[in-house]
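> quick one: sequence and predicted model below, then my questions.
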Amino acid sequence: MSDDNKPLLIKRYASRRLYNTETSDYVTLDDIAGFIREGREVQIVDLKSGDDLTRQYLLQIIAEHESRGDNILPVNILTDLVRTYSGQAGSVVPQFLQMSFDMLRDGQSKMMENMTKVNPMANMPGFEAMQAQQEAFMKAMTGGISNNWSGPSDETADAGGGEENLDAIKKQLAELQTKLSKMSK
């Protein structure tokens, strides 16, 4: 297995501090959530016992996001999850959740693939910006919700003067709206 495919190993010390073995520094739960959003697999182990604590910390990250108002999981879903721990449905739920997320990821990749294929809309002004927004949205939906701006990158924003760039975007948007209204007639 190559180093790129290995999970990032985080060790928990007796003091409960989390240590990134790749960078030799201490990390927080927010740092770990960031690694996961970037697509890294993470494994958290207790230094003394060797116990795998990954699930415990992932649940803690989810609980912290939910308590901050980043409510992704509706109350009825959380209630159903609690119910599954006390019944026989608990044996089916993990497979169902895994299949659901696999389908979501697969649908996202197929949609992105279709957007990049020869597409008559690809020649429309503003299509690249719309595609970048869609990619950011799908990444947020499948990789975790981020509070980061998902608009144009800094280099895109720095490409021209702020007001000139805004005027160009407004012009492209107006052209796009005109073309769309012609298509719907």
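Happy to help now that I have it.
> helix, strand or coil: sort out Asn5 for me.
coil (DSSP: H, G, I helix; E, B strand; the rest coil).
> likewise for Val45?
What three-state DSSP gives for Val45 is strand.
> contact partners for it?
Leu9, Ile10, Lys11, Arg12, Asp51, Asp52, Leu53, Thr54 (CB atoms under 8 Å, 6 or more residues apart in numbering). All C-beta atoms are positioned from the backbone trio N, CA, C, and that covers glycine.
> most neighbours, which of those?
Counting neighbours by other CB atoms under 10 Å, Ile10 comes out on top of those with 22 neighbours.
> tell me what it is bridged to.
Bridge pairing for Ile10 (DSSP bridges) gives the partners Asn20, Ile44.
> next up, the contacts around it.
Ile10 neighbours (CB under 8 Å, 6+ apart): Leu18, Tyr19, Asn20, Thr21, Val27, Ile32, Val42, Gln43, Ile44, Val45.
> which among the residues you listed count as buried?
Buried members of the contacts of Ile10, scored by 16 or more other CB atoms under 10 Å, are Leu18, Tyr19, Asn20, Val27, Ile32, Val42, Ile44, Val45.
> between these, which is nearest Ala63?
Ile32 (13.6 Å; CB to CB).
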